[in-house]
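1. turn this into a structure:
(chains A and B)
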There are 2 protein chains.
Amino acid sequence: MSDIPYFVLVRPQMGENIGSAARAMWNFDLDRMRIVAPRDGWPNPAAVALASGAGRLLDDAQLSPDLPDALKDCTYVYATTARARDLSKPVFSPEEAMRDAAARIAEGQKVAVMFGPERAGLENEDIARANAIISVPVNPKFASLNLAQCVLLVGYEWMRASGAVVHRTDALAGTDWAQGVEVEHLAAHYEEQLDAAGFFFPEHKSASMRTNLRNMWSRMPLTRADVQMLHGVMRQMVRWAQKRD
Amino acid sequence: MSDIPYFVLVRPQMGENIGSAARAMWNFDLDRMRIVAPRDGWPNPAAVALASGAGRLLDDAQLSPDLPDALKDCTYVYATTARARDLSKPVFSPEEAMRDAAARIAEGQKVAVMFGPERAGLENEDIARANAIISVPVNPKFASLNLAQCVLLVGYEWMRASGAVVHRTDALAGTDWAQGVEVEHLAAHYEEQLDAAGFFFPEHKSASMRTNLRNMWSRMPLTRADVQMLHGVMRQMVRWAQKRD
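-> Purely as a prediction, here's the structure:
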């Protein structure tokens, strides 16, 4: 259980930017960093050099080979993006997102914020694993926040929001939300069986159909019980199909 | 008359930081920079190199030999500082300050925000020329914002305060949510086929299983596209089962 969000750097490129991101986080009392497949390997001396004073965040950072691994214990995930693409997910300003995150954490959820690689940002299949989008409001003529600046603004809003957390005592408080790894398994189960059933057809639409399905699962507020039931639904349909062999 | 605040860099040292500050400003549609006695002279090639895309701010920047010259036409001045010293002046958070600034500008005032040199920050005699202080709330154990980051946070709050921020949750306003009758049909479709597949078993649990499934559909934020996809999923599983007959 964590009382602050995890900041997940997805495929970061320059070590310097990882170090600067660590400093930006620690300015706002955030020290839970996760790093997915850093381009130049890990540990990274350039990251350490730039992190001066916040080096502990790098020592404690959790390294993951891929995004599902980094998110496996998370129950709610935000993706930061420059362009809010139409993915039918809630799009929050940094302020709204961190207020929402603070409320969720107060309910016992485990929350993560994803930041994309320097040049290209998060890819659609990364965003498909998020529950919501954070779009930083910038000058439409000049949107050029770098990784550490994006981390800085979200961290700043976290500090603002966490000071004002009201502990919600509503009905959701005891909900047993599904973790990332459970939603991941559910998505994989459906994808595998639907593939066997010939669902992803025609071929040229297959990739976007898979992404749509992923997006749907990550948008849904799934509990552990929901996930079990949905597994049961698919298992039963497969059993039915096979009984007819 | 200006409808945005001037950002005044006081005795900046590294050209790189001046360039980064220009980029940070232009992200938030701010393009009035004033520079007081830059250490390495002016123009500065390192500043130009780092400002890429925001070079116009440097071309248009007003160079002053000293602070009084840079502030001579301003009616209200904020000083940014890490430590809010006791100077018997109002101390604002960045948010409060930029709301105050927006109100003053709307009244026709000419407003400036001062940023100190990288290492030492503003001196007491600089702050003596300010009407109010801006103190950025940071981790007391680690306050290490650099010049461009400080400019970024104040610029971000300016954009928020000036009303340029569109609350992006409105993006969901256009979402084509499924209507009750559509969710009802979806629930009925699943219930019917799962019944045929023998899912509601054993008999004495059948009613509560049906209720759980209904509850799940109604808790999910389903779009019309989701509903179509979920119908498709079930249709395909049934087709698969029947093909094997």
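
2. who touches the residue nearest the centre of chain A in this structure?
-> Residue closest to the average C-alpha location in chain A (Cα atoms, centre = their mean): A:Val77, at 3.7 Å. By Cβ atoms under 8 Å, 6 or more residues apart in numbering or on different chains, the contact list for A:Val77 reads A:71, A:111-114, A:129-132, A:180, A:218. C-beta: built from backbone N, CA, C; applies to glycine.

3. which of the residues you listed fall in helices?
-> Among those, the members found in helices (DSSP state H) are A:180, A:218.

4. if we can go back for a sec, my read is the residue nearest to the centre of chain A is in a helix, agree?
-> No: secondary structure of A:Val77 (DSSP: H, G, I helix; E, B strand; the rest coil): strand, not part of a helix.

5. distance of it from B:Val111?
-> 39 Å (Cβ to Cβ, to the nearest Å).

6. same thing with A:Glu118?
-> From A:Glu118 to B:Val111 the distance is 34 Å (Cβ to Cβ).

7. so which of the two has more stuff around it?
-> Each of A:Glu118 and B:Val111 has its neighbours counted (other Cβ atoms under 10 Å in any protein chain shown); B:Val111 has more, 23 against 16.

8. tell me which residues in stretch A:131-143 are buried?
-> A:131-139 (16 or more other Cβ atoms under 10 Å in any protein chain shown).

9. is the helix or strand that contains A:Ala188 anywhere near chain B?
-> In this structure, A:Ala188 sits in helix A:180-196 according to DSSP states H and E. Yes: judged by Cβ under 8 Å from any Cβ of the partner chain, helix A:180-196 and chain B are in contact via A:190, A:193-194, A:196.

10. check which helices and strands that helix is in contact with.
-> helix A:67-70, helix A:206-219, helix A:224-243, helix B:224-243 (3 or more Cβ pairs under 8 Å, 6 or more residues apart in numbering or on different chains; DSSP states H and E).

11. surely A:Trp93 meets A:Pro137?
-> If you look again at residue A:93, you'll see it is Ser, not Trp. Yes: using Cβ atoms under 8 Å, A:Ser93 is in contact with A:Pro137, at 6.1 Å.

12. please give me every residue in contact with A:Val183.
-> When contacts are counted by Cβ under 8 Å, 6+ apart, A:Val183 touches A:217-218, A:222, A:227.

13. which ones among these come in contact with chain B?
-> Within the contacts of A:Val183, nothing lies near chain B by Cβ under 8 Å from any Cβ.

14. export these to a markdown table and tack on pLDDT and neighbour count?
-> Formatted as a markdown table, these follow (pLDDT from 0 to 100; neighbours: other Cβ atoms under 10 Å in any protein chain shown):
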| residue | pLDDT | neighbour count |
| --- | --- | --- |
| A:Trp217 | 90 | 20 |
| A:Ser218 | 85 | 24 |
| A:Leu222 | 90 | 23 |
| A:Val227 | 94 | 20 |
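
15. helix or strand: which one has A:Ile35?
-> In this structure, A:Ile35 sits in strand A:33-36 according to DSSP H and E.

16. off-centre distance for that strand?
-> Centroid separation for strand A:33-36 versus its chain: 11 Å, with Cα atoms, centre = their mean, to the nearest Å.

17. which helix or strand lies directly C-terminal to that strand?
-> By DSSP H and E, the next helix or strand past strand A:33-36 is helix A:45-50.
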